[in-house]
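Novice: could you look at this predicted model? Sequence included:
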Amino acid sequence: MEYFVQQLVNGLTLGSIYGLIAIGYTMVYGIIGMVNFAHGDIFMLGGFAALIVYLVLVGLFGGIPIALALFIMILVAMVMTGLWNWVIEKMAYRPLRGSFRLAPLITAIGMSIALSNFIQVTQGPRNKPIPSMVSSVYDVFGISISLKQIIIVVVTAVLLTIFWYIVNHTPLGRAQRATEQDRKMAALLGVDVDKTISITFIMGAALAAVAGTMYLMYYGVIVFTDGFTPGVKAFTAAVLGGIGSLPGAVLGGLMIGLIESLWSAYFTIDYKDVATFSILAIVLIFKPSGILGRPEVEKV
Amino acid sequence: MAGTNTMTKDPILKVDHLSMRFGGLMAINDLSFEAYRGDITALIGPNGAGKTTVFNCITGFYKPTMGMITMRQKAGKEYLLERMSDFEVNRDAKVARTFQNIRLFSGLTVLENLLVAQHNKLMLASGYTVLGLLGFPAYKKAAAQSIEQAKYWLDKANLTDRADDPAGDLPYGAQRRLEIARAMCTGPEFLCLDEPAAGLNPRESLVLNQLLRSIRKDTGTSILLIEHDMSVVMEISDHVVVLEYGQKISDGNPDHVKNDPKVIAAYLGVEDDEVEEVFEQIEEIAVAAPGETPK
Amino acid sequence: MANMTNTPESAGSNLMARALREGFYAGLVALGLFVLFVGLKTDQNILNELILVQRWGLLAIFVVIAAVGRFLSVAFIRPYLAERKAEKAAAPVKDANFFVRNFSMIAIAVLIVYPPIMVGLFGFQGSLKWVDNFGIQILIYVMLAWGLNIVVGLAGLLDLGYVAFYAVGAYSYALLSSHFGLSFWILLPMAGIFAALWGVILGFPVLRLKGDYLAIVTLAFGEIIRLVLINWTAVTKGTFGISGIAKASVFGIWSFDVSATNNFAKVFGLPMSSSYYKIFLFYLILALCLLTAFVTIRLRRMPIGRAWEALREDEIACRSLGINTVTTKLTAFATGAMFGGFAGSFFAVRQGFVSPESFVFLESAIILAIVVLGGMGSLIGIAIAATLMIGGTELLREMEFLKHIFGPDFTPELYRMLIFGLAMIIVMVWKPRGFVGSREPTAFLRERKSVSGSFTKEGHG
């Protein structure tokens, strides 16, 4: 039982990271109907930004309190990846908006290849390990919960709340939802569609940057290829939850985190990704638009 | 019920106690009617009366909640359409249809659109692709025949000049005719047309009427059509079924329906822009209608 | 600034002011983008701790390039392009010349004489690189992309896991040949059949899915197959892969095994060289490509091919015409997969070694990119795209002279995938419908007119 709860805690932590990335996929999909394949690499970029900021901070002020350091890392990484995603949207995706559905997908795949190789070229191909930043571990009723895990779950929960508020209760959120429903009509009613889409990309990137920072802190290592697997898992999470649905993305992320940790714990770690992908396939076969997705009505 | 086509009265399609529920909404409620062989039957009714839903049930795109739809072919073979999937309704029962919002293969040429419609016949002739791929003469012959068939319908629909243009490039009226020609290329016994005159100008409407009449005359295909344009309905249909809120309120020949107080009430009570049309009809036949005021 | 002659002075200076302003902003944005990733580099010291190396000079170069580039683009390049566009619109459309009209015939002829020319130019040993790295490598991708084209380009079903069928083909050859000693010529069709079977098995459950749901599930299946290949070590030897795969022979008549008595070089009394085998492989893959093209062209004119294209245009209309869309989709999946399987068994025979590493998602992405960049459905466009993208990146391996410019530490190969990714973006933004966006009709009454890309749809499956 304790073992099981322990795995639940681990899965929840992992799922939080996937959920944060998945929101970026789902938001961009919701607003312009495009699968932003480069989003996983934006996440990796965020992790690298956090890494470099951490090294700068340690270099400048050796004994900086770790909470402050983490805060600055998250903040700078958010700004940094937000800027990247803003530029990427403007240069690579905007010219293709409204054209042929596959063109932006291919551009996004190209962007993903370019981004990961850009980091390989500028930062080197090797693993980048950092010493453990947070190492406290608490024992709660026989289950060991590390401070890292608490930070990840708390930060995710706080961000999701803020985010939830923005999308549902602010003019920006209203503009986003309007653009999602009908871009042309929204523009006619005075919504600045370009700006709304840009902000959506920036928000998605900022959340991915937080995920990247958390990932770096949790695993203590990052490498230029790290965008792919978490990216695909997060995309899987978004689709599993029903792409376009924000709660769906979080739910999907948590589900995938739990599937992974429970499968690794009770069966074999080798096939954990096979399990994830198989469950995705099975869910979609029975519920073709994901768990919380609106079913696509076939209009005859 | 005032009958039409008093000579034969051979039903090609029988709809029995058809009901279709969407969540809490009863789109069709216990609807029964018949369409007779060789007739042009019109299904009319105010917006939201459930006409397209009836069509989708007949052509297999929706599975009705209850009821039975029987298609009886010329040779006597009967099909229960509600048990068949959409493509089987066309392939086996020989029921073809068009769509309210035209669904052409816009990137294929007009000719290719008509060839796609002959898919099942050609698949058989090509030995499910294998023999055709190896260049067997049987397929070549069938392919040539299919082009002839397409030419026949191109000519009928007055589209021969545009045969090699992409279907998406045609003007609206031509697209409507092409969709009908494409449906006819599947060799149906029963043709369902969903608002074929919608969006057409009076001249195009006239051409359409001629096309429909010649389809019936030359191929003996029975037609069921949904239409808002009363001039089309009254002019070419032999039999009219009126729906309101998913129920049949009138059934009979055009004259009978035109004078049915229930129909007049339904139109006057529901749809502003059609009131005028109904008034015109009333004036034309100069009937003093005591029941014209809505209840 | 010839184009500015007929505009007022003030417009010119306005343009300059705008260009300067935009250049400045671009520099600023570039500073923001690159300050962490270019200005600072994470490196390991002797103690294996991460340290930062500062590269402010390089950062300055990046910023200056961005600023100047933006300035030039706004001030000169864009007005020039706008003018060119206007000129082009005014000019009458030229008839296709001889070269364009007979492009495919000329291309095939060039490919047939390619190996002898390379041998003539570089000798047997020197031609290896050109025949193998360029010729065979490009042709494999041409074949894969033509195979995927059936699924994506014709039937409009987005498949992100095509590489799975390539893997099935490669592993069926590798396993059956090493366990049962079957020859290439028996295993080639078998690999195709296995891959087609897998296409049906994987295709069946996902047929109800549409668009991006289909894409993610095909991606998932691709990953599942790769992960199984990695983890099922008892059969696949996992990441070590299967090596020592038997070579193909010329229909069993001449072998390329050095020890065999019917060795090709021995029979003809030629000096031993590995290039004969490579040249044979070149013609083999060329023949396989031509087979793929032939079948695709034939199929497009058959009811099944027309049904695929109709499916891409409108699935509901297809069903209303009595077309069984389930079997139609499955045949598209199976046919595409079959060609993937053929290509896979060729890959195994060429490498003599297969491992899961060759079948990663990136391969699927590259193949799909070639299909879309070339123009969905267009065989010629796809072949051009494969040549440019694969040949181009192979060419980067050869850029040894760049070492003289950037110093001996410079490895052009490192930049290969970076440039590949950027090229994908640039080509797509430049030509969203690919190199050949129009579609050739499969039948005509009077004259064959290409269908403009603006009418064709890309499918929703």
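Specialist: Nice, I can see it. Not measured: the values here are computed from a predicted model.
Novice: in the stretch 151-300 of chain C, which spans are helices?
Specialist: Secondary structure of the stretch 151-300 of chain C, counting by DSSP state H, counting those that start in this stretch: helices at C:163-180, C:184-206, C:211-231, C:233-236, C:264-267, C:275-300.
Novice: could you say what helices and strands the first one packs with?
Specialist: So that's helix C:163-180. Judged by 3 or more Cβ pairs under 8 Å, 6 or more residues apart in numbering or on different chains; DSSP states H and E, the packing partners of helix C:163-180 are helix C:184-206, helix C:211-231, helix C:233-236, strand C:242-243, helix C:325-351, strand C:353-354, helix C:361-374. Any C-beta I mention is one placed from the backbone N, CA and C, and that applies to glycine too.
Novice: now with 6 Å?
Specialist: In this structure, helix C:163-180 packs against helix C:184-206, helix C:211-231, helix C:325-351, with contacts taken as 3 or more Cβ pairs under 6 Å, 6 or more residues apart in numbering or on different chains; DSSP states H and E.
Novice: just say which of these is most tucked in.
Specialist: Most buried of the helices and strands packed on helix C:163-180, by mean neighbour count (mean count of other Cβ atoms under 10 Å in any protein chain shown): helix C:325-351, with a mean of 26.
Novice: and residue 178, what is it in contact with?
Specialist: I'll assume chain A. If you count contacts by Cβ atoms under 6 Å, 6 or more residues apart in numbering or on different chains, residue A:178 has them with A:186, A:191.
Novice: now with 8 Å?
Specialist: Applying Cβ atoms under 8 Å, 6 or more residues apart in numbering or on different chains to residue A:178 gives the contacts A:185-186, A:189, A:191.
Novice: for residue C:176, see how far away residue B:15 is.
Specialist: Going from residue B:15 to residue C:176 by Cβ to Cβ, to the nearest Å gives 58 Å.
Novice: of these two, which one has the most company?
Specialist: residue B:15 (24 against 17; other Cβ atoms under 10 Å in any protein chain shown).
Novice: contacts only, for that one.
Specialist: Counting by Cβ under 8 Å, 6+ apart, residue B:15 touches B:31-34, B:54, B:58, B:67-69.
Novice: which positions in the stretch 51-200 of chain B make contact with chain A?
Specialist: B:52, B:56, B:61-62, B:99 (Cβ under 8 Å from any Cβ of the partner chain).
Novice: among these, which ones are in strands?
Specialist: In strands, judged by DSSP state E, none of those are found.
Novice: neighbour-wise, which one of the residues you listed leads?
Specialist: The most neighbours of any of these, using other Cβ under 10 Å, belong to residue B:99, which has 24 neighbours.
Novice: now that residue: closest residue in space that isn't a chain neighbour?
Specialist: Excluding the flanking residues, the one nearest residue B:99 by Cβ to Cβ, 6 or more residues apart in numbering or on different chains is residue B:194, at 5.7 Å.
Novice: show me what that neighbour bridges to in the sheet.
Specialist: Bridge pairing for residue B:194 (DSSP bridges) gives the partners residue B:226.
Novice: that one touches residue B:100, doesn't it?
Specialist: Yes - Residue B:194 lies in contact with residue B:100 (Cβ atoms under 8 Å); the separation is 4.4 Å.
Novice: quick check: neighbours shared by the two?
Specialist: Common contact partners of residue B:194 and residue B:100 (Cβ under 8 Å, 6+ apart): B:52, B:226.
Novice: more crowded one of the two?
Specialist: A count of neighbours by other Cβ under 10 Å puts residue B:194 above the other of residue B:194 and residue B:100, at 23 against 16.
Novice: what sits against that one?
Specialist: Residue B:194 neighbours (Cβ under 8 Å, 6+ apart): B:52, B:55, B:97-100, B:225-226.
Novice: where along the stretch 101-250 of chain B do the helices fall?
Specialist: B:110-116, B:119-125, B:130-133, B:137-156, B:172-184, B:202-219, B:230-236.
Novice: could you tell me the least trusted of these?
Specialist: Among the helices of the stretch 101-250 of chain B, helix B:130-133 carries the lowest mean pLDDT, a mean of 72.
Novice: could you check whether that one is close to chain C?
Specialist: Yes - with Cβ under 8 Å from any Cβ as the measure, helix B:130-133 is seen reaching chain C through B:132-133.
Novice: any buried residues in that helix, and which?
Specialist: B:132-133 (16 or more other Cβ atoms under 10 Å in any protein chain shown).
Novice: can you spell out which helices and strands pack onto it?
Specialist: Here helix B:130-133 touches helix B:137-156, helix C:275-300, going by 3+ Cβ pairs under 8 Å, 6+ apart.
Novice: mind listing what's buried in the longest one?
Specialist: Applying a neighbour-count criterion of 16+ other Cβ under 10 Å, one finds C:275-286, C:288-289, C:292-293, C:295-296, C:299-300 buried in helix C:275-300.
Novice: near chain B, which of these show up?
Specialist: When contact is defined as Cβ under 8 Å from any Cβ, the buried residues of helix C:275-300 meet chain B at C:295, C:299.
Novice: neighbours of residue A:168, just the number please.
Specialist: 11.
Novice: if I look at it, how far off is chain C?
Specialist: Using Cβ to the nearest Cβ, to the nearest Å, we find residue A:168 at a distance of 25 Å from chain C.
Novice: okay, buried residues for the helix or strand residue A:236 falls within please.
Specialist: Per DSSP states H and E: residue A:236 is located in helix A:228-241. Using 16+ other Cβ under 10 Å as the test for burial, helix A:228-241 gives A:228, A:230-241.
Novice: and which of those residues is nearest to chain C?
Specialist: For the buried residues of helix A:228-241, the minimum distance to chain C (Cβ to the nearest Cβ) is 4.7 Å, reached by residue A:239.
Novice: all strands for chain A, in order.
Specialist: For chain A, the strands defined by DSSP E occupy A:128-129, A:137-140, A:143-146, A:221-222.
Novice: save those strands as a markdown table, and put in mean pLDDT too.
Specialist: Converted to a markdown table, the strands of chain A look like this (pLDDT from 0 to 100):
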| stretch | mean pLDDT |
| --- | --- |
| strand A:128-129 | 85 |
| strand A:137-140 | 82 |
| strand A:143-146 | 84 |
| strand A:221-222 | 89 |
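Novice: can I get the ones you listed in JSON lines with mean neighbour count?
Specialist: What follows is the strands of chain A, written out as JSON lines (neighbours: other Cβ atoms under 10 Å in any protein chain shown):
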{"stretch": "strand A:128-129", "mean neighbour count": "19"}
{"stretch": "strand A:137-140", "mean neighbour count": "10"}
{"stretch": "strand A:143-146", "mean neighbour count": "16"}
{"stretch": "strand A:221-222", "mean neighbour count": "19"}
